[in-house]
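1. Sequence first, then the predicted structure:
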Amino acid sequence: MSDLVVRAEGLRKRFGQTRALDGVDLAMRRGTVLGVLGPNGAGKTTAVRVLATLLRPDEGRAEVAGIDVLREPQRVRRRIGLTGQYASVDEDLTGTQNLVLIGQLLDLPTRDAKRRAAELLDWFDLTEAAGRMAKTYSGGMRRRLDLAASLVGRPEVIFLDEPTTGLDPAKREDMWGVVRTQVTQGASVLLTTQYLEEADALADEIVVIHQGRVIAHDSPDGLKRRVGGLTLRVRPADPARVPDALRVLDAVAAPGTNASADPAAGARPGAVSVPVTGDTALDEAVPALRRAGVEVTELALHLPGLDEVFHALTDGTVDVRAKAEELV
Amino acid sequence: MSTLDITVDTITDRPRGGAFAALVRHSGALARRSLIKTMRTPEALLDVTLQPVIFLLLFTYLFGGAIAGGDRHAYLQFLLPGMLAQSLAMGGIALGQNLNADIEKGVFDRFRSLPVARSAPLVGAVAADIVRYLTVCVVMLAFGTLMGFRVETGPVPAVAAVALSIGFGLCFCWISVWVGMLVRTPGAVQGLMFLLVFPLSFGSNVFVEVGTLPGWLQAFVHVNPITPLVGTIRGLTTGGPVAHDLVLTLAWMAGLLVVFVPLALRAYARRA
């Protein structure tokens, strides 16, 4: 018995002239989180829809929980939970009605379906809103209800398609907590995201997809090593102190690099950033800035953005920045 | 957030009570969902309440005198069974629109990711439409009675007429379901269905005696499924022969199911 809970080989899917999947292989170990990272239009959603039995690939094969998704989709459906990119809750039903319906469709006796609904609503802090129609919910509440709906059947494998897109940072952290809890309780989670930060925070392994192909499959640390690691960004309170900040930060720069006035396109000028090797750089930078008397309004470690990830992984041959902007 | 008590359930791969029992159960749960939505938005029932009433008033008082040579009561007795059939055909249009909107919103993705029969969401939605067809029948008979319509046969044939009407509505609406799966927007469903329902309901025996029509139009009227339905409802409510039209109507109902249920299911499965 292999401990792979998701395995896909050579998945291909075309929509007209578009190759949404162009030979995708995936492997996820039981009890882990696999992060599938890629820009809009990379094929992440198509891959999830194939694995969740919503879409048949033109070519290739896939197994979820050891079951062939093409040959025995109904057996797969008993073992998975799916939360799509857009919260697919029924707006005219209350929170409770949404969850009870899912329970009934999973063949729970009505009493158990109601109990399970109450349990999940409580866990997701939706008890007070349980009797209200979902159309009155905020975006964050809808996401929580949607996620709760995918957990009604206690799935072995959970597919989360961009679960935090459009959520504010606090709500995003909540969602991350939910994912971690599911894993400690034995589930395996495949999540797609556009943020390296999110994949880094949650995933045991990361797959990077671009134009329907897997261009990297690595641990978060391995991937960060390949794409250049962290950037420390500092914004002096007084713009005149930028040269001093540059001098201080040069001292903590990763070998062979220098601090520079922030080159990020479109960013407010007046910031200084420097590539660093690890988060110890923060410990060094803070006292050094204080000694130099540079007051700062912003001080943060940043993971590379998606465009930088792609630039590094493809040696600059793929201009994802232009592509990603055009798709946004 | 408190901790979630997760117990590992035994996963059963066979639905409780076999595939057919599961289809009935799941369709029932989904029909209940549709009914809740209908109750929440009563304005969605206007096409089976106010609209038929307006048509009935319009045709009886505006055109009735001219068509029936001044005898409005006689025309109402003639018109109401026909308008009931027309309203049933029109009443099915909303179903295709609603299903089309549901698919666009992604609600059906969740159902597809659950271990229920592919047909359950469609069967459930159709089953919930019973309420709409029953509403049409009750509203038209009640309002018609206020206007002077009288059932001349008896309660049993009248109930049979209502039952047949609902049954026909449930068969005819599969065309709307199919169109709802095929086209991109709810508006397009409505547009296409009107193109179908208008010629069927006006090119029939609903408003005038077939004998007054030119020959080519009579030919169309005789192959129109609305015609035998109207004939049967007339027979069952205001008297007259029923058998021939009833057999034809039942044959049409079976034919609609045989053709459009598989078409709708296939279109649904293909709509990714």
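-> Okay, I see it.

2. what about chain A, any weak spots by pLDDT?
-> Residue ranges of chain A with pLDDT under 70: A:1-2, A:86-87, A:229, A:262-268, A:279, A:315-328.

3. for it, what spans make up the helices?
-> Under the criterion DSSP state H, chain A contains helices at A:44-51, A:73-77, A:95-105, A:110-123, A:139-151, A:169-184, A:196-202, A:220-227, A:242-250, A:280-292, A:306-313, A:320-327.

4. burial of residue A:222, as a residue count?
-> 13 (other CB atoms under 10 Å in any protein chain shown). Yep, even glycine has a C-beta here, placed from its N, CA and C like the rest.

5. scratch that, residue B:255
-> Burial of residue B:255 is recorded as 12 neighbouring residues (other CB under 10 Å).

6. in a helix, that's where it is, yeah?
-> Yes. Counting by DSSP: H, G, I helix; E, B strand; the rest coil, residue B:255 is part of a helix.

7. For chain B, what is the nearest residue in the stretch 151-300 of chain A?
-> Closest approach between the stretch 151-300 of chain A and chain B, counting by CB to the nearest CB: residue A:185, at 4.9 Å.

8. bridging residues for residue A:9?
-> residue A:61 (DSSP bridges).

9. residue contacts, it?
-> Neighbouring residues of residue A:9 by CB atoms under 8 Å, 6 or more residues apart in numbering or on different chains: A:25, A:60, A:61, A:62.

10. swap the cut-off to 6 Å and go again
-> Going by CB atoms under 6 Å, 6 or more residues apart in numbering or on different chains, residue A:9 touches A:25, A:60, A:61.

11. ok, now residue A:207?
-> Going by CB under 6 Å, 6+ apart, the list of residues near residue A:207 reads A:36, A:214, A:217.

12. Apply 10 Å and report the result again.
-> Applying CB atoms under 10 Å, 6 or more residues apart in numbering or on different chains, one finds that residue A:207 lies in contact with A:24-28, A:34-38, A:44, A:47, A:190, A:192, A:199, A:214-218, A:223.

13. How about residue A:225?
-> A:218, A:219, A:277.

14. Check which helices and strands the helix or strand containing residue B:166 sits against.
-> Element membership of residue B:166 [criterion: DSSP states H and E] is helix B:155-182. Based on contacts counted as 3 or more CB pairs under 10 Å, 6 or more residues apart in numbering or on different chains; DSSP states H and E, the elements that helix B:155-182 packs against are helix B:72-91, helix B:93-105, helix B:120-128, helix B:130-147, helix B:186-202, helix B:226-238, helix B:243-270.

15. which of these sits most buried?
-> Stretch with highest mean neighbour count among the helices and strands packed on helix B:155-182: helix B:226-238 (a mean of 25; mean count of other CB atoms under 10 Å in any protein chain shown).

16. just checking, residue B:220 is part of a helix?
-> Yes. Assessed with three-state DSSP, residue B:220 lies in a helix.

17. Now do it: how many residues are near it, please.
-> The local packing of residue B:220 (other CB under 10 Å) involves 14 other residues.

18. I'd like to check which residues are in contact with residue 58.
-> Looking at chain A here, since you left the chain open. Residue A:58 makes contact with A:11, A:12, A:13, A:14, A:15, A:19, A:20, A:21, according to CB under 10 Å, 6+ apart.

19. I was thinking of chain B, sorry if that wasn't clear
-> Counted by CB under 10 Å, 6+ apart, residue B:58 has contacts residue B:64.
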